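Enquirer: Below is the sequence, then the predicted model.
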Protein chains: 2
Amino acid sequence: MLSATRITGVLSPVVTPFKSDLSPDKDRFVRQCRWLLSQNVGLAVFGTNSEANSLSVEEKAELLDALIEAGLDPARMMPGVGHCAITDTVRLAAHAVHLGCAGVLMLPPFYYKGVSDEGLYRYFSEVIERVGDSRLRVYLYNIPPVSQVPITRNVVERLLQRYPGVVAGMKDSSGDWNNTKMFLDAFAGSGFDVFPGAETFLLQGMRNGAVGCISATANTNPGAIARLYSSWRNTDADVQQQQLDRIRGIFSSYPMIPALKAAIAHYAGDSAWAVVRPPLVELTAEQSRSLIADLDRVGFMMPGLAA
Amino acid sequence: MLSATRITGVLSPVVTPFKSDLSPDKDRFVRQCRWLLSQNVGLAVFGTNSEANSLSVEEKAELLDALIEAGLDPARMMPGVGHCAITDTVRLAAHAVHLGCAGVLMLPPFYYKGVSDEGLYRYFSEVIERVGDSRLRVYLYNIPPVSQVPITRNVVERLLQRYPGVVAGMKDSSGDWNNTKMFLDAFAGSGFDVFPGAETFLLQGMRNGAVGCISATANTNPGAIARLYSSWRNTDADVQQQQLDRIRGIFSSYPMIPALKAAIAHYAGDSAWAVVRPPLVELTAEQSRSLIADLDRVGFMMPGLAA
């Protein structure tokens, strides 16, 4: 059984380590997830920054199994499960529920563009009906800059009306504070939990009813982001936010996923971490040096990172 | 062994029939494919118009098996195999090669946007290496209006240099004649076969070295499109093209995939054909009536359509 307590706080779309043959590296994955939990950051594994869309359903199911077998707490997990095909999404979502995960993060089907609200409603509805488990907690994943398929307020309202409690919240990675604010104003406190899709909007979010954030840079800067989450009412909150923004700004000036992996490779002293799956390409040696120099300049560290 | 003869002519991205529970309907699928072959149209099953991206790898593999078991000729098949994950694409492509399909149509990985030519080259290269079968014939599927990930001439040239013969051609659904013409000018006659992505460019294409076309409306107007292909040097070719354009114009004024299915449902007298998978939505009754009225007005028919 899932706890009645919802998953909240800072979550990381955990970057997925690969071996040199591009197969998922379970051992490094478990170590990284354990380290993130030690930094008070939860596990939104299989997000955009996890290269989740470069992994098959089977590969994700096996990685999730590895976390559970290693004794990590599923109450701190919100795996991404969204595929283009209902049958794939249902398979992965059902597996996550079976393992006791606190929730699942669900992309809209993202191949066909210009689809209607009715079509998106039917997609999510069909998935929920097929999983058919009262423990399911769906977090809608709105990321139109990548998916090119926005999830509208109308779709959220229809789903909430039909599946209250099961449709539990959303991650808004629109990158547009006005859009996140619209969802917060409409739903905060109503049982539909809104996570801004980057720590950029963590403080503003918390002041407007957000329940945390799910952010790429929580992979590399987890402790500091989690500290702002737990102390956002403190007088130094704005200063903390500025410090987070400075670190994020450095990562954002490189291709994000390769940069996160390059930083982990450097600070863990483990070059294997730099591997990405095509169509992504790892940073060049020059880009890596430049990234690390930028980070060193502001005193960035990854304390306690698993080697 | 594959025949040394390349697959050419008019191919249809065959619309996929679903039962009322949204599972693929193998019997109707086989009947439709057999009818298309009888109209001299080949089987580019699992294309965009097939709702292929709403199907899992397993569902597609089983539908392909059903065609082979029914005795349809794999030399007339170019199934779509492109998924976002290399592992999925490899699985389906290897299965198609194993069944003796003439070629496979391969989307670029379409979740991550703004990827580099190097990343796309590595993706296609990794798939080809993993399939590892000299019978593999890859047709690249360029459809930036939907995938949002264009395949550039640079990527084609690099792949051709490394995998001559295996990289056998492309479908260009850019919808931009200048782009199709650029690929024709660069590659026609060199062993890299270019199929325009609609019959709109069939005559222009043939006059510039194309080897046929792969078109949505080949699902509903196969005979007439195949006739222009085989008689494009005749004096009535321009008149034929105008007639094709008129029919296409009617379908294009409705949501394409639901409209194709509504037309088949009507002319086959088989309402089950109208079912689509979410996120698509079937035509309303009013849209269907209007579509059929538009088609009746120009004397459209689907002769010999399987009931």
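Expert: The structure has been received and is ready for your questions.

Enquirer: Convert stretch A:103-122 to CSV, retaining C-alpha atoms only.
Expert: Extracted in CSV, the C-alpha atoms of stretch A:103-122 (Å, rounded to 0.1, in the frame of the first residue of the first chain):
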residue,chain,number,x,y,z
GLY,A,103,3.6,8.3,-8.1
VAL,A,104,4.3,8.2,-11.8
LEU,A,105,5.2,11.2,-14.0
MET,A,106,3.3,10.9,-17.3
LEU,A,107,4.2,12.7,-20.5
PRO,A,108,1.5,13.2,-23.1
PRO,A,109,1.9,11.0,-26.2
PHE,A,110,4.3,13.2,-28.1
TYR,A,111,4.6,12.0,-31.7
TYR,A,112,1.3,13.4,-33.1
LYS,A,113,1.2,17.2,-32.9
GLY,A,114,-1.8,19.5,-32.7
VAL,A,115,-3.9,16.9,-30.9
SER,A,116,-7.1,17.9,-29.2
ASP,A,117,-7.9,18.2,-25.5
GLU,A,118,-10.4,15.4,-26.1
GLY,A,119,-7.7,13.2,-27.5
LEU,A,120,-5.3,13.9,-24.6
TYR,A,121,-8.1,13.3,-22.1
ARG,A,122,-8.9,10.0,-23.7
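
Enquirer: That one and chain B, any residue contact?
Expert: Yes: for a cut-off given as C-beta under 8 Å from any C-beta of the partner chain, stretch A:103-122 has contacts with chain B, namely A:108, A:109, A:110, A:111, A:112, A:113, A:115, A:116, A:118, A:119, A:120, A:122. All C-beta atoms are positioned from the backbone trio N, CA, C, and that covers glycine.

Enquirer: wait, isn't the second one in contact with residue B:279?
Expert: Yes: the pair residue A:109 and residue B:279 passes the contact test of C-beta atoms under 8 Å, sitting 4.9 Å apart.

Enquirer: any chance of the residues of stretch A:103-122 next to chain B in a markdown table, plus pLDDT, secondary structure and neighbour count?
Expert: Shown next, in a markdown table, are these (pLDDT from 0 to 100; DSSP: H, G, I helix; E, B strand; the rest coil; neighbours: other C-beta atoms under 10 Å in any protein chain shown):
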| residue | pLDDT | secondary structure | neighbour count |
| --- | --- | --- | --- |
| A:108 | 98 | coil | 24 |
| A:109 | 98 | coil | 27 |
| A:110 | 98 | coil | 24 |
| A:111 | 98 | coil | 25 |
| A:112 | 98 | coil | 21 |
| A:113 | 97 | coil | 13 |
| A:115 | 97 | coil | 20 |
| A:116 | 98 | coil | 15 |
| A:118 | 98 | helix | 15 |
| A:119 | 98 | helix | 21 |
| A:120 | 98 | helix | 25 |
| A:122 | 98 | helix | 20 |
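
Enquirer: Which residue ranges of the stretch 1-150 of chain A form helices?
Expert: Using DSSP state H, counting those that start in this stretch, the helices of the stretch 1-150 of chain A run over A:26-38, A:57-69, A:86-98, A:117-131, A:144-147.

Enquirer: quick one: which of the residues of stretch A:103-122 next to chain B is nearest to residue B:73?
Expert: Top of the list for closeness to residue B:73, among the residues of stretch A:103-122 next to chain B and by C-beta to C-beta, is residue A:111 at 28.8 Å.

Enquirer: For the closest one, list the residues it contacts.
Expert: By C-beta atoms under 8 Å, 6 or more residues apart in numbering or on different chains, the residues touching residue A:111 are A:84, B:48, B:53, B:54, B:110, B:146, B:147.

Enquirer: for it, phi and psi?
Expert: Note on residue A:111: its backbone torsions stand at phi -80, psi -60 [degrees, to the nearest 10].

Enquirer: same question, the one 4 residues further on
Expert: Note on residue A:115: its backbone torsions stand at phi -80, psi 160 [degrees, to the nearest 10].

Enquirer: My read is that it contacts residue B:279, right?
Expert: Yes: counting by C-beta under 8 Å, residue A:115 does reach residue B:279; the two are 4.1 Å apart.

Enquirer: what residues are shared contacts of those two?
Expert: A:108, A:109, A:149.

Enquirer: SS state for residue A:261?
Expert: Secondary structure, DSSP: H, G, I helix; E, B strand; the rest coil: residue A:261 is helix.

Enquirer: What is the burial count for it?
Expert: Counted with other C-beta atoms under 10 Å in any protein chain shown, the neighbours of residue A:261 add up to 27.

Enquirer: how about the strands in the stretch 101-250 of chain A?
Expert: With DSSP state E, counting those that start in this stretch as the criterion, the stretch 101-250 of chain A has strands at A:104-106, A:138-142, A:167-172, A:193-196, A:212-214.

Enquirer: And the contacts of the first one?
Expert: Under the criterion C-beta under 8 Å, 6+ apart, residues A:44, A:46-47, A:78-82, A:89, A:92-93, A:96-97, A:124, A:127, A:136-141, A:171, A:214 lie in contact with strand A:104-106.

Enquirer: average pLDDT across that strand?
Expert: Average pLDDT, strand A:104-106: 98.

Enquirer: In it, which residues are buried?
Expert: Buried residues in strand A:104-106, counted by 16 or more other C-beta atoms under 10 Å in any protein chain shown: A:104, A:105, A:106.

Enquirer: related to what we said a few turns ago, can you redo the strands of the stretch 101-250 of chain A as TSV with distance to residue B:24?
Expert: Converted to TSV, the strands of the stretch 101-250 of chain A look like this (distance: least, C-beta to C-beta, whole Å):
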stretch	distance to residue B:24
strand A:104-106	23
strand A:138-142	25
strand A:167-172	28
strand A:193-196	36
strand A:212-214	35
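
Enquirer: Tell me which of the ones you listed lies nearest to residue B:157.
Expert: Residue B:157 lies closest to strand A:138-142 among the strands of the stretch 101-250 of chain A, at 36.7 Å (C-beta to C-beta).

Enquirer: The closest one vs strand A:167-172, what angle?
Expert: Calculated by axes from the mean of the first three to the mean of the last three C-alpha atoms, to 10 degrees, strand A:138-142 forms an angle of 20 degrees with strand A:167-172.

Enquirer: surely residue A:162 meets residue A:125?
Expert: Yes: in this structure, residue A:162 is within contact of residue A:125 by C-beta under 8 Å, at 6.6 Å.

Enquirer: can I assume residue A:275 is in contact with residue A:16?
Expert: No: counting by C-beta under 8 Å, residue A:275 stays clear of residue A:16, with 9.7 Å between them.

Enquirer: rewinding a little: and which of the buried residues of strand A:104-106 is nearest to chain B?
Expert: Chain B lies nearest to residue A:106 out of those, by C-beta to the nearest C-beta, at 12.7 Å.

Enquirer: what sits opposite the closest one in the beta ladder?
Expert: Beta bridges link residue A:106 to residue A:140, judged by DSSP bridges.

Enquirer: who's in contact with the nearest residue to residue A:182 once chain neighbours are set aside?
Expert: Ranked by C-beta to C-beta, 6 or more residues apart in numbering or on different chains and with sequence neighbours excluded, the top spatial neighbour of residue A:182 is residue A:153, at 6.7 Å. Residues near residue A:153 by C-beta under 8 Å, 6+ apart: A:182, A:183, A:186.

Enquirer: What parts of the stretch 1-150 of chain A come near chain B?
Expert: Near chain B, the residues belonging to the stretch 1-150 of chain A are A:22, A:48, A:53-59, A:83-88, A:91, A:108-113, A:115-116, A:118-120, A:122-123, A:125-126, A:145-149 when assessed by C-beta under 8 Å from any C-beta.

Enquirer: Residue A:168 contacts residue A:8, doesn't it?
Expert: No: at 10.8 Å, residue A:168 does not count as touching residue A:8 under the criterion of C-beta under 8 Å.
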